[in-house]
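J.: Sequence and computational prediction follow.
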Amino acid sequence: MLKVEETQPVEFSSALTVKFEEITSRYPEGKQKSALLPVLHEVQAELGWLSPAAMDKVAAYLKIEPIEVYEVASFYSMYFLKPQGKFVLEVCRTGPCCLVGAEKLMDHIENSLGVKEGEVTPDGLFSWRGVECLAACGFGPVLQIGPEYTFYENLDAEKVDTLIAELRKK
Amino acid sequence: MARKLLLEHINVPGIHTLDVYRQKGGYRAVEKALKTLTPDEVVEEVKKSGLRGRGGAGFPTGMKWSFLAKPEGVARYLVCNADESEPGTFKDRYLMTHIPHALIEGMIVASYALGAKTSYIYVRGEMMPQIRILERAIAEAKSAGFLGKNILGSGYDLELYVQPGGGAYICGEETALLESLEGKRGNPRIKPPFPAIAGLYGCPTVVNNVESIAAVVPIINDGGDEYMKIGIGRSTGTKLISASGNLVRPGVYEIELGLPVEEFIYSDEYCGGIANGKRLKATVAGGSSVPVLPANLTLKLANGEPRLMSYESLSEGGFATGTMMGSGGFIAFDEDQCMVRNTWNFARFYHHESCGQCSPCREGTGWMEKVLHRIEYGHGKMSDIDLLVDVAKKIEGNTICPLGDAAAWPVASAIRHFRDEFEWHVREPLKSLETNYGIAKYAEPIAKPEVTTEN
């Protein structure tokens, strides 16, 4: 079971702060808030999700109010506000993918992993969810896995099982 | 074979690298524009070409550029909209994956034309692999002297950055995109002021789709007049069509505008017909937001003439018998597909993606999803069908941005053309859970239009 102390302070690695600096340099003087979305992606890639403590730290870094970070993190669907599995399988569930079997594929993933959408497997390795159109409709069904957002196309039950088995070995 | 302007070299090994891209004539447009043309002359060529916005609205790109305000001492921005999220559309991902330099070259020429010194490519966050591809390509272009200070000795400076989104369909709407680029929630702004007057950081800004920007390259290379010769009427040039659904060969195709829809679906040069030997039931011709059409109206206009892949022909007949070009997301449904289920799926999508600012959209999309869900799962009432039409009508035109219309049109059009299938779901709740309504009369030749006289 995953146990999380939400109030636990977080530390950002020095590699992360170097990235922050590179990102903020892309915008004009005084417009560093523009860095918020890319910075949150970097934080999530390092920590796996965005805890309130991590978001507060981002706010301090960008010199904005914490609420400005919370409202953005809760608006966009890519940011996780609670811990996820190490691998999050995000399956496209929108119209065109459903025409070629996305719904069956999601049922299959639920059975294979033994957890419902949004839940984490007991070993902490996997969670999965349906997401909206991933702009690969001609190659459906598709799924992606963060933080690199590696993309898998033309899937079926067999291919997904092979993928899950490979990820287990990592 | 049709002419290809954007995807001509798509199968050349290594075309994603600067070297191979240049061997195939890449960056000629940058040289030509920066060394021989003034910014206004570039705008003029694009105007002459008749290029229309490829993101969905179809607004003339050159005209959009000419609206850009140019107050003294104020920065101007070009922002590329690569937030491709319209269900059925995947052409921009394809282009950025395989020929990233086509977009970067277009960005340099367009930025020069608009006088932008800093430009951004806003890519949807899920496309991290494409973001890395673009960043690599930008670094290559910069070390070759196509970006940075004093490009090719012209005195023109440009910095180009890639900005990731966070996963929100609404950020494809240009003012929501600008909000997002400023680090905020993607809530669309009230227009006016338009971005051309007050866009990014309150400065004059042009927002263009990936494909529109890439099309600037052949327009500058060959001239606007040459581009205008391709296509039909006011639908000039070539267009990338994303074909998905139950087709033999789904994928991205570059077509000359004016191609008959029937040829696009059935010829071996394009989609190769309907998969598994099935028959075509319906299509969504321009991404999920445009009205769905039954097979017969997809292939032919109401007067029996063939329908063409062009802005005008696709919208011929208005919403009664036509649809829209939109983003070119062409979704084909075979005879086994259920129109109620698909409409519910799209309604759920729009409910999920509504930003929540305007109550007609925030509440209405939720109601439509709920009512469609109960019809699909056998709990519908006959009155629900008119209720859906009513809700759709009350959303349409009553919201800040076009997401409301985009949510209303698929529902309204599905009921307009497939009402008998919705009624069947209500009448036969148990049967509709097990079997599908089938193709009914949707593929039959169009009946002669009835002449009615109003009293």
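T.: Arrived safely, thanks for sending.
J.: export stretch B:29-37 as CSV, just CAs?
T.: C-alpha atoms of stretch B:29-37 as CSV (Å, rounded to 0.1, in the frame of the first residue of the first chain):
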residue,chain,number,x,y,z
ALA,B,29,11.6,29.7,-48.3
VAL,B,30,13.6,31.2,-45.4
GLU,B,31,16.4,32.3,-47.8
LYS,B,32,13.9,33.6,-50.4
ALA,B,33,11.8,35.5,-47.8
LEU,B,34,14.6,37.0,-45.7
LYS,B,35,16.9,37.9,-48.6
THR,B,36,14.5,39.0,-51.4
LEU,B,37,11.1,39.9,-49.9
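J.: Give me the phi and psi for the residue of chain A found nearest chain B.
T.: In chain A, the residue that lies nearest chain B is A:Tyr76 (2.8 Å; C-beta to the nearest C-beta). In this view, the C-beta of every residue, glycine as well, is placed from N, C-alpha and C. Dihedral pair for A:Tyr76: phi -90, psi 140, per degrees, to the nearest 10.
J.: How about it, nearest residue that isn't a chain neighbour?
T.: In this structure, A:Tyr76 finds its nearest non-sequential neighbour in B:Gly166, 2.8 Å apart by C-beta to C-beta, 6 or more residues apart in numbering or on different chains.
J.: Kindly report the same for B:Ile133.
T.: Distances taken as C-beta to C-beta, 6+ apart place B:Pro100 nearest to B:Ile133, at 5.1 Å, with adjacent residues excluded.
J.: if I look at the one you found, how far off is B:Leu147?
T.: Distance, B:Pro100 to B:Leu147, using C-beta to C-beta, to the nearest Å: 13 Å.
J.: and the gap between the residue of chain A closest to chain B and B:Glu353?
T.: Plainly put, A:Tyr76 is 11 Å away from B:Glu353 if you go by C-beta to C-beta.
J.: Now do the shared contacts for those two.
T.: Shared contacts of A:Tyr76 and B:Glu353 (C-beta atoms under 8 Å, 6 or more residues apart in numbering or on different chains): B:Ala168.
J.: So for the two, which residue has more residues nearby?
T.: Between A:Tyr76 and B:Glu353, counted using other C-beta atoms under 10 Å in any protein chain shown, B:Glu353 has the larger neighbour count: 25 against 20.
J.: Which residues of the stretch 251-400 of chain B lie near chain A?
T.: Within the stretch 251-400 of chain B, the positions near chain A by C-beta under 8 Å from any C-beta of the partner chain are B:251-252, B:284, B:288, B:329, B:331, B:333, B:337, B:341-342, B:345-346, B:349, B:352-353, B:355.
J.: ok, now with 7 Å
T.: Within reach of chain A by C-beta under 7 Å from any C-beta of the partner chain, the stretch 251-400 of chain B has these residues: B:Gly251, B:Val252, B:Ser288, B:Ile331, B:Phe333, B:Gln337, B:Asn342, B:Asn345, B:Phe346, B:Phe349, B:His352, B:Glu353.
J.: Okay, and the beta partners of the second one?
T.: So the one you mean is B:Val252. With DSSP bridges as the criterion, B:Val252 is bridged to B:Ser242.
J.: Same check on A:Val88?
T.: A:Ser127.
J.: hang on, it packs against A:Pro147?
T.: No. A:Val88 lies out of contact with A:Pro147 (C-beta atoms under 7 Å); the separation is 9.1 Å.
J.: These two - which one has more neighbours?
T.: Using other C-beta under 10 Å as the criterion, A:Val88 and A:Pro147 rank with A:Val88 on top: 21 against 15.
J.: residues touching that one, list them.
T.: The contact partners of A:Val88, by C-beta atoms under 7 Å, 6 or more residues apart in numbering or on different chains, come to A:Ser127, A:Trp128, A:Ile145, A:Gly146.
J.: Do stretch B:149-161 and chain A come into contact?
T.: Yes. Using C-beta under 7 Å from any C-beta, stretch B:149-161 reaches chain A at B:Tyr161.
J.: For that stretch, list every residue counted as buried.
T.: B:Ile151, B:Leu152, B:Tyr156, B:Leu158, B:Glu159, B:Leu160, B:Tyr161 (16 or more other C-beta atoms under 10 Å in any protein chain shown).
J.: Run through the bridge partners of the residue nearest to the fifth one when sequence neighbours are not counted.
T.: Just to be clear, that refers to B:Glu159. In space, and not counting its chain neighbours, B:Glu159 is closest to B:Thr118: 5.1 Å by C-beta to C-beta, 6+ apart. For B:Thr118, the beta-bridge partners are B:Tyr77, B:Glu159 (DSSP bridges).
J.: So B:Thr118 sits against B:Tyr77, correct?
T.: Yes. Taking contacts as C-beta under 7 Å, B:Thr118 lies within contact range of B:Tyr77: 6.5 Å.
J.: Please identify which of those two sits among more neighbours.
T.: Using other C-beta under 10 Å, the more surrounded residue of B:Thr118 and B:Tyr77 is B:Tyr77, with 25 against 19.
J.: so how far is B:Cys171 from that one?
T.: Taking C-beta to C-beta, one finds B:Tyr77 at 16 Å from B:Cys171.
J.: same deal with B:Pro188?
T.: B:Pro188 is 9 Å from B:Cys171, by C-beta to C-beta.
J.: Neighbour count for those two, which is higher?
T.: Using other C-beta under 10 Å as the criterion, B:Pro188 and B:Cys171 rank with B:Cys171 on top: 31 against 22.
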